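1. task: produce atomic coordinates for the following.
(6 chains)
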There are 6 protein chains.
Amino acid sequence: MQKYLERNTGFIASTDKYEQADKVLIGVPMDFTVSFRPGTRMGPQSIRTVSYGLEEYSFYSNKDLRDFVFYDGGNIALPFGNVEKSIDLIEKVAQKVLEDKKFAIYLGGEHLISWPLIKTYAEMFPNLVVLHFDAHADLREFYWGEANSHATVMRKVCERIGGENVYQFGIRSGDRAEFEYGKKNTHMYVNEIIEPLREVVKKIGDRPVYITIDIDVVDPAYAPGTGTPEPGGCTSKEIIEAVLLMKNLNIVGMDLVEVSPLNDPSDRTSILAAKLVREAILNY
Amino acid sequence: MQKYLERNTGFIASTDKYEQADKVLIGVPMDFTVSFRPGTRMGPQSIRTVSYGLEEYSFYSNKDLRDFVFYDGGNIALPFGNVEKSIDLIEKVAQKVLEDKKFAIYLGGEHLISWPLIKTYAEMFPNLVVLHFDAHADLREFYWGEANSHATVMRKVCERIGGENVYQFGIRSGDRAEFEYGKKNTHMYVNEIIEPLREVVKKIGDRPVYITIDIDVVDPAYAPGTGTPEPGGCTSKEIIEAVLLMKNLNIVGMDLVEVSPLNDPSDRTSILAAKLVREAILNY
Amino acid sequence: MQKYLERNTGFIASTDKYEQADKVLIGVPMDFTVSFRPGTRMGPQSIRTVSYGLEEYSFYSNKDLRDFVFYDGGNIALPFGNVEKSIDLIEKVAQKVLEDKKFAIYLGGEHLISWPLIKTYAEMFPNLVVLHFDAHADLREFYWGEANSHATVMRKVCERIGGENVYQFGIRSGDRAEFEYGKKNTHMYVNEIIEPLREVVKKIGDRPVYITIDIDVVDPAYAPGTGTPEPGGCTSKEIIEAVLLMKNLNIVGMDLVEVSPLNDPSDRTSILAAKLVREAILNY
Amino acid sequence: MQKYLERNTGFIASTDKYEQADKVLIGVPMDFTVSFRPGTRMGPQSIRTVSYGLEEYSFYSNKDLRDFVFYDGGNIALPFGNVEKSIDLIEKVAQKVLEDKKFAIYLGGEHLISWPLIKTYAEMFPNLVVLHFDAHADLREFYWGEANSHATVMRKVCERIGGENVYQFGIRSGDRAEFEYGKKNTHMYVNEIIEPLREVVKKIGDRPVYITIDIDVVDPAYAPGTGTPEPGGCTSKEIIEAVLLMKNLNIVGMDLVEVSPLNDPSDRTSILAAKLVREAILNY
Amino acid sequence: MQKYLERNTGFIASTDKYEQADKVLIGVPMDFTVSFRPGTRMGPQSIRTVSYGLEEYSFYSNKDLRDFVFYDGGNIALPFGNVEKSIDLIEKVAQKVLEDKKFAIYLGGEHLISWPLIKTYAEMFPNLVVLHFDAHADLREFYWGEANSHATVMRKVCERIGGENVYQFGIRSGDRAEFEYGKKNTHMYVNEIIEPLREVVKKIGDRPVYITIDIDVVDPAYAPGTGTPEPGGCTSKEIIEAVLLMKNLNIVGMDLVEVSPLNDPSDRTSILAAKLVREAILNY
Amino acid sequence: MQKYLERNTGFIASTDKYEQADKVLIGVPMDFTVSFRPGTRMGPQSIRTVSYGLEEYSFYSNKDLRDFVFYDGGNIALPFGNVEKSIDLIEKVAQKVLEDKKFAIYLGGEHLISWPLIKTYAEMFPNLVVLHFDAHADLREFYWGEANSHATVMRKVCERIGGENVYQFGIRSGDRAEFEYGKKNTHMYVNEIIEPLREVVKKIGDRPVYITIDIDVVDPAYAPGTGTPEPGGCTSKEIIEAVLLMKNLNIVGMDLVEVSPLNDPSDRTSILAAKLVREAILNY
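-> Residues are numbered from 1 along each chain as shown, chains lettered A, B, ... in the order given. You can find the predicted model right below:
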């Protein structure tokens, strides 16, 4: 029977066997603390669905997904509306991934998911560098009175691993205090990506790197499907180039967040995200 | 200058003066615990915006909003993603409304907002009756491990005020245990509204009544803009009739929840909600 | 060459020859005075486009469009934003239609187009009866200071031909003064269509009849593509039945207005309108 | 690891084991011969996705999907644009299903898929009765010169099994010749469903029954997501009632076709379809 | 009570007190003369709504809206469909603004609103320079027979203040006669913005400047929400840069027109417009 | 009568007389073999509809459509779902066009339509050069087992006319085998357009040229309305420039394919296509 049927149950070319895979995809459909337009919980599933419109082969990398064994684990089963329990669960999953010695790409969901992820990775890799691509600085101390928020996530990361280990690219929105904090504490490249990234890549050497990409770093012309679109961003060509530029780094983890498919009837945001995931699987 | 300008800052025909109003509208844009499609946080603002397409006069009631003084207070400023603090805040607002002796209509937001509201009203009115219109029983004890959820709200209400004081209309979805709980503990009218409501209205007498309407009691043909559409519901004519049937009751509070405008590009869900709000202001 | 090609240039099964046709379709894409959501200017073209999804044969009437010779004249070329010149132009077109002894169905555009049309028909047919299907009474004297408006059109008609010759069906929205005017001056059937229509049809005899249908008489569940949706209306079955009920009257003209396709991505409003047009061509 | 994750790979509550299941769901994503708006190929996946917004328990049937073992096989892998090969493949799948003695529900895709299905079932069950719910008669001999078409499917069925074994409900569109063919050869109930179905159910006894439901039998207010919407149809309540009315028949196969999710941003068409599938699994 | 509530009644960070403000925002929701797709009447309200997704602080300008006192006056109450009265009203409002010595930013609405505005400003500032950003030359003498049209507005401006005082940027569409008129009479920079603007800014010195931006100067990839999208335009980065380039000029008035939110479900057009408004408030 | 009416029956400024025209537009609404999202059958009609929002005059070319006599023949009447017959029909139409010595622009539909077109042109022009603009190489030998597919079309072309006569621009997606085939057999410019095109144009001289443009060569930010969007493409400015760069070649035929309007509510894809068609009519 099965020979007649296709069951697209994960990202294109993914395997069903966790054990055999050395790379894994994990959806983290949390969108509880977003302030403007919710909906990123549908991001991971949308990225999987549209991945079937892509080729497994990438001319950018001259590699083919079918030559890799990676597992798409579906989504973490999060308790709706419970931020603290969700953060705990995400942490547990990341610990298991690291314990099992897999390379994981986490698909958001909102940006707050990067907090439990980076915290866990930093415990395992004390010398961790974080490369952060985003329209927003996300360096607030509190947002609407909450310390756990998509707008505070990088502040929490800085406080944990030291701002000097955080590189921020493409930032073009934030409170005055965030920009001041960034200038003092992190490496913040305002409204720029490719040029500074070339330099940073050279500097990092073989330190362990965690990449967090908020899709809104891309201009909403290219990525309208996101919760807080911020005109004035980069093109799809540039973000693809950025992902490829990092391929020789010692990347230990990565997330791609804030894809919100409801706001993009053309699905091009999810398709761009799927393309970035493909390149990451092929190269990281 | 002002004579040339119009500033539509609230529901049609609302006043700016809280003190002078005996009725108030309050938006409660919480959508943190929803399981399927978020977006009800935009409900209150959408209902206000489309209200300008309605007449102030209603032929159903032969009354005109311009003959009433009611205040539209905007939305409660809720902390994104923090369910407990949000519940506290909603309670505080309801207490203040009651203290100030106003009649309030609360606009959701998700159905969980009814929990702090009804709890507060039940303290003030020990003999409270709750009339609940919904496609879903909302009688779960836990939902995805959470006691505070849009799917547990009526269970919490029953446990607080006694299921015998809860009347449920239009229910057509729920777990087996919910239907069993309902049959034993509440007055649950499955898939029916108008006929049982006529009887219930006669029975209630002058007891204080709180009305909670989940817009998904209406069929998604008439109200597609909601988070969990459930085919097989009532028509727009029937829900208007239901609201009018209750006009001689001693109504002390009311909420209208789960309007999610993103899922309805025609805005007819918000317009229907605005019409129900108009009739409630005119008659309750 | 032409044998390979199809050029859908008008309503399904329409001819290209004005002279040979005894029935004509004319689009009147005016939407300048609408107050809520513009877009009815796209109505006539949308109705033509979707007509190709319908059958030429109607089982309701047991007749086939291909057995009729009717002409689709396209749209009147109206000066954008100039209400007075537009009204003049519409009048001229109606006069020519009557002079040429054609039966015309006019497709709106907004409801104000019925004013120059009915005025012209009333000159030709002094004993004219108007049957008006609408959610809104349209009996205002002025609307935002304007006498020429989609909200005043039936008042102007009444003042011209006498309210006693105007029958209004399905009305469920209006100012108090409009309902009072209607009760005193017209035959207004509030929120009812089929039952009173049966009676009215019997009474009218062979007097000349002009039919004006505002698509918003239908509930927005069935016809969301309109400028001022008004929940609580009739079903698609009922409006089809209404159109068929009038088939033995002496119908001299007809318009169908307020279809606004932008607000209905499913196109079912235009399809319903096309179906009513088909039945009107087959039966009037 | 798996304990933290959920992978929604099929219809809600479906199992992964074909062998253990006595009922199966199979998607047939063919939309090559449609004339108006393509897109039904996305139907099966959309029905699966939205099924997670439904309860496993149905109060209509007082049964729970979790008490059944059914398999969701995904979609048949069809060659794009090749109608003949697709028909062959569908036939092969149906033969295998029958050989394995499973009860199958096939999800379209366009209506032409019913031709290879019913042909196969008729070979196995010589006494087969077909119950056909549709807005369109689908009794053409040719459509645009093609004998294999979504508009000829029931004609081909009649020619194979005899029109006297075909019952058609809700038909309201077709060519004159189709209605004449229907009147002479099939049991065609024009624009009616529930009343004649009650009678037919009594008459059929324990003959083997194949049910084919084109979702456009429902009015586009309730099911806008379809390729050829036809105003004037039944409500969601009525189609649910129809599915339940047949529960005591000897149903040997069923398909549900023409769900086209692109035309319905509210997803209520897919949700209605999922609900019908749930009731069919619970009762057939 | 008010401490719990937020009422977003105007642009983010605007005050309620006209008298205390030195800058004002005024919506001019006229869309009566547009030829292609109406809907700009919803522009001002949409820009206000999405402004809450922006930061009050701008890193571009290193300034914060909360350090400014500006008033959002809502929309001018225009008579629907009456172009002449609307033009009069707009003129009266502009006169009052100038009399009260406020700096105003007017939000369209269609481009014709710039005619009464610039006429009024030219009376007050005889030496006025107009900087015009647009895809379309808007230099027709008549459009569909009308002198008052969104397609004639800059011609009327030229005739009033002299084409030599009009600078046009980004023009890429128009009739042959418009380009010829432009070449002879205005400073028209075809398909170019930033380079010529740098030069023009130097030349203007401290002459009073009125800026009129038609959002369709931006490519529809970045600003799809407009009535007459014209592919081949500038990016969002470029229009932001253009607005900042003018900050040292003696700007006495500004309008931003042709935002039509219905055509952009992602809202990025309104968000870009809101960002330009923010920079204008901070810098002009 | 006709003086009052406008009937937009073809592309803006097209004539009704085939015989008098030396250029023709022909729609080819085939979308049967597409793999991801169908809907290009609506492409030709959408391009015609939006063409009325463009100017007849182009400043790029300093020419006016009204100075040309070209015919819009509507669409080829294709048998739905029958790929072979459709290919035959397209061939017949192309033969007739060549016989009648017209220059034709064919509007897709899917890319497979280029196969019968180029085959026919290659018979007439043995020295034919094909310039191919596309995101996808379309060089597969089979796709899902089918040799006739939108993914095999350029392979079939190469096999017929020799890959050395095929120039491919903008390619950024394909299987590894396709890139290898392209490198060996065609002139494939990966991810580049303007620079190589300048060189190719010089080399071609006066050889007969057939141009095939798949709109997805443009980035989905600029052209979201297509079946297989591929982020990382060119801008609208670049594709316009490319079309203009070829104006001095000996162009004998052209197609523009894969516009799928359903996926682009802003219509900017169709408008861009219409602009390219305008420039092609003016210059080829």
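2. all strands for chain A, in order.
-> A:5-6, A:23-28, A:57-58, A:63-64, A:70-76, A:103-108, A:129-133, A:166-171, A:187-190, A:208-214, A:250-257 (DSSP state E).
3. quick check: which of the ones you listed is nearest to chain B?
-> strand A:70-76 (12.1 Å; C-beta to the nearest C-beta). (C-beta placed from N, C-alpha, C; glycine too.)
4. hmm, back to that, reformat the strands of chain A as TSV; add mean neighbour count.
-> Formatted as TSV, these follow (neighbours: other C-beta atoms under 10 Å in any protein chain shown):
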stretch	mean neighbour count
strand A:5-6	16
strand A:23-28	25
strand A:57-58	23
strand A:63-64	17
strand A:70-76	24
strand A:103-108	24
strand A:129-133	25
strand A:166-171	26
strand A:187-190	21
strand A:208-214	25
strand A:250-257	23
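5. list the contacts of the closest residue to chain C within chain A.
-> Ranking the residues of chain A by distance to chain C (C-beta to the nearest C-beta) places residue A:265 first, at 9.3 Å. By C-beta atoms under 8 Å, 6 or more residues apart in numbering or on different chains, the residues touching residue A:265 are D:265, E:265, F:263, F:265.
6. please apply the same query to residue A:163.
-> Residue A:163 sits next to A:181, A:182, A:184, A:185, A:186 when contact means C-beta under 8 Å, 6+ apart.
7. ok, for the first one, nearest residue in space, not its chain neighbours?
-> Meaning residue A:181. residue A:139 (4.9 Å; C-beta to C-beta, 6 or more residues apart in numbering or on different chains).
8. pLDDT wise, what is the one you found at?
-> As summarised for this prediction, residue A:139 has a pLDDT of 96.
9. can you tell me which of the strands of chain A comes nearest to chain D?
-> Of the strands of chain A, nearest to chain D by C-beta to the nearest C-beta is strand A:70-76, at 3.2 Å.
10. packing partners for that closest one?
-> strand A:23-28, helix A:43-51, helix A:83-99, strand D:5-6 (3 or more C-beta pairs under 8 Å, 6 or more residues apart in numbering or on different chains; DSSP states H and E).
11. what lies in contact with it?
-> Contacts of strand A:70-76 (C-beta under 8 Å, 6+ apart): A:9-11, A:13-18, A:20-29, A:44-45, A:48, A:89-90, A:93, A:102, A:281, D:1-2, D:4-9.
12. buried ones only from these, please, as a ChimeraX command.
-> The following ChimeraX line selects those of those that are buried, judged by 16 or more other C-beta atoms under 10 Å in any protein chain shown:
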select /A:9,10,11,13,14,15,21,23,24,25,26,27,28,29,44,45,48,89,90,93,102,281 /D:1,4,5,7,9
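13. separation between residue A:268 and residue D:200?
-> Computed with C-beta to C-beta, to the nearest Å, the distance linking residue A:268 and residue D:200 is 49 Å.
14. those two: which is more packed in?
-> residue A:268 (26 against 19; other C-beta atoms under 10 Å in any protein chain shown).
15. was I right about the more buried one contacting residue A:221?
-> No: using C-beta atoms under 8 Å, residue A:268 is not in contact with residue A:221, being 9.6 Å away.
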